[in-house]
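Novice: Build me a model from this:
(one chain, ligands or ions: 1)
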Amino acid sequence: VEGVLTASEREAIAALWSEKLSQDARGLPQSERHRNLEPPSAEFICALAAGTGARRLLEVGGSSGLSTIALAAAARLTGGRLVSIEIEPTRQALARQRLEDLGLSDRVDFVLADAAQALAQYEALEFVLIDCEKDDYERFLALLRLAPGAVVVADNILSHGLGKYVRAVRSYPGVESITLAIGKGLEVSRFVNGSAGRSQGNPS
Ligand SMILES: C[S@@+](CC[C@H](N)C(=O)[O-])C[C@H]1O[C@@H](n2cnc3c(N)ncnc32)[C@H](O)[C@@H]1O
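Specialist: From the prediction side, this is the model:
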């Protein structure tokens with residue numbers, strides 16, 4: 001059974017992952033590494049986004065496109081679209097090419113920007129992946145404009161000990177949230193009432 005991802009999408013994810021492992025093994029500086037999501041995390045977010053039927057998807061930190069493949073495949077199933085925000089042009093160009101090769105680019109709006117500036121433009125989001133610099137998670141969460149029932153997933157919770165983010169997301173009204181030991185640790189949060197934005201009366 002293929003599931004939401006096709007065999008060629010799985011192969012592309014595996015190829016990006018081997019490239020990432022080789023960058024890590026060579027000890028490249030962070031600016032030259034792609035720091036992709038772990039493949040099991042990609043499978044999980046793909047199934048979760050597809051299973052919730054999310055049509056308005058967004059990721060913060062697309063890098064070279066591993067998570068972009070997973071979320072674009074989910075968007076294909078739901079009839080939705082993904083906004084992929086990335087600040088670094090070379091990595092985004094790689095992602096753009098990869099998604100085009102897979103026939104998934106019609107599902108993705110690639111946005112080359114600092115998420116701090118771009119996020120406020122997108123409203124009624126139904127599924128968001130936060131996978132950028134760890135110090136930015138809470139402030140970007142606060143900028144999200146979410147539809148009721150939206151799901152926000154944040155990576156690196158266990159690898160980077162992001163307890164502060166976990167406490168912050170769980171303090172929003174109407175949030176159901178759990179840390180899953182998948183890959184580097186995913187915080188999966190459902191915003192029952194919608195928006196995490198300040199205007200909706202969140203704690204900050
Ligand atoms: C951990 S990697 C993302 C990996 C990606 N999700 C994947 O699975 O391939 C983090 C990415 O976030 C990007 N980034 C960092 N700060 C950002 C910001 N303020 N706005 C947009 N992208 C940002 C970095 O350039 C980097 O490519």
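Novice: and the helix or strand hosting V83, anywhere near the ligand?
Specialist: Here V83, judged by DSSP states H and E, is contained in strand 81-86. Yes - using CB under 6 Å from any ligand atom, strand 81-86 reaches the ligand at 85-86. Bear in mind the C-beta positions are built from the backbone N, C-alpha and C, glycine included.
Novice: Are there helices or strands packed against the helix or strand following that strand, and which ones?
Specialist: Once strand 81-86 ends, the next helix or strand along the chain (criterion: DSSP H and E) is helix 89-101. Using 3 or more CB pairs under 8 Å, 6 or more residues apart in numbering; DSSP states H and E, the elements in contact with helix 89-101 are helix 7-25, helix 66-78, strand 81-86, strand 108-112.
Novice: most tightly surrounded among those?
Specialist: Mean neighbours per residue, mean count of other CB atoms under 10 Å, is largest over these for helix 66-78, with a mean of 26.
Novice: export it as PDB, just CAs?
Specialist: Extracted C-alpha coordinates of helix 66-78, given in PDB (Å, rounded to 0.1, in the frame of the first residue of the first chain):
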ATOM      1  CA  LEU A  66      11.700  17.300   2.500                       C
ATOM      2  CA  SER A  67       8.700  18.400   4.600                       C
ATOM      3  CA  THR A  68       7.500  20.300   1.500                       C
ATOM      4  CA  ILE A  69       7.100  17.000  -0.400                       C
ATOM      5  CA  ALA A  70       5.100  15.500   2.500                       C
ATOM      6  CA  LEU A  71       2.800  18.500   2.900                       C
ATOM      7  CA  ALA A  72       2.300  19.000  -0.800                       C
ATOM      8  CA  ALA A  73       1.300  15.300  -1.200                       C
ATOM      9  CA  ALA A  74      -1.300  15.800   1.600                       C
ATOM     10  CA  ALA A  75      -2.600  18.900  -0.200                       C
ATOM     11  CA  ARG A  76      -3.000  16.900  -3.400                       C
ATOM     12  CA  LEU A  77      -5.200  14.500  -1.500                       C
ATOM     13  CA  THR A  78      -7.300  17.200   0.200                       C
END
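Novice: what's the offset of stretch 27-36 from the middle of its chain?
Specialist: 18 Å (CA atoms, centre = their mean, to the nearest Å).
Novice: what about it, how long is it end to end?
Specialist: 15 Å (CA to CA, to the nearest Å).
Novice: What residues does this protein have near the ligand?
Specialist: By CB under 6 Å from any ligand atom, the residues of the chain that approach the ligand are 35-37, 60-67, 85-88, 91, 114-116, 131-133, 136.
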